[in-house]
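Visitor: Attaching a predicted model along with its sequence, questions to come.
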Amino acid sequence: MSLQQITSQLQDTFPTGFVKAVEWRGDLAVTVTRDRLHEVAQFLHDDPAMDFDYIVHVSSVDWPDDEERFEVVYEFYSIKRRQRIRLKTRVPESDCIVDSLTDLWKGADFMEREVYDMMGIRFRHHPDLRRILMPDDYTEGYPLRKDFPLRGKGWRDTFEFLDETAR
């Protein structure tokens, strides 16, 4: 199935959830509404013509000036058909939650936890949504958001401590 056929199939099957598709260098990126994200992902996973059986990566992008500030990006691969697809959705900062895809791809577990930990995007129905890189009691924000201070939170205290111990 060509990338154009995949795009047409998604557009026809999910007319209210399909936002846009961009093909670049042989890869397809499809943006969908967040309320249809899980349904589209399940179609990509379960439909034999699609057969995207491997989750490659989950990431997010911070667009601080946009109304829907965050973009969640899933990348899937069909081993049998040797095709890749990116599935994207946008979420506003005021309601920063999307459906988890761990019920479809178990490999999404740690990757969704990393996005939660670094960007603060929550994943509804995730089996174990807790911090994975930062300490459990860390409450200073989300380090990969563009409004996070470049030197981190509390850096002055750290440097003052180092100055005192060097004396």
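Guide: Now that the structure is in, tell me what you want to look at.

Visitor: make it CA atoms for all contacts and neighbour counts henceforth
Guide: OK.

Visitor: and stretch 143-151, which residues are buried?
Guide: Neighbour counts over stretch 143-151 (16 or more other Cα atoms under 10 Å) mark 143, 144, 145 as buried.

Visitor: and the residue nearest to the spatial centre of the chain, backbone torsions?
Guide: The centroid of the chain falls nearest to residue 72 when counting by Cα atoms, centre = their mean (3.1 Å). Backbone geometry at residue 72, expressed as degrees, to the nearest 10, gives phi -100, psi 130.

Visitor: Give me the neighbour count for the closest residue to it other than its chain neighbours.
Guide: In space, residue 72 comes closest to residue 60 once its chain neighbours are excluded; the distance is 4.4 Å by Cα to Cα, 6 or more residues apart in numbering. Residues contacting residue 60 under the criterion other Cα atoms under 10 Å number 22.

Visitor: Now do stretch 54-73: distance from first to last residue.
Guide: End-to-end distance of stretch 54-73 (Cα to Cα, to the nearest Å): 15 Å.

Visitor: Return the set of buried residues in that stretch.
Guide: 54-55, 58-62, 68-73.
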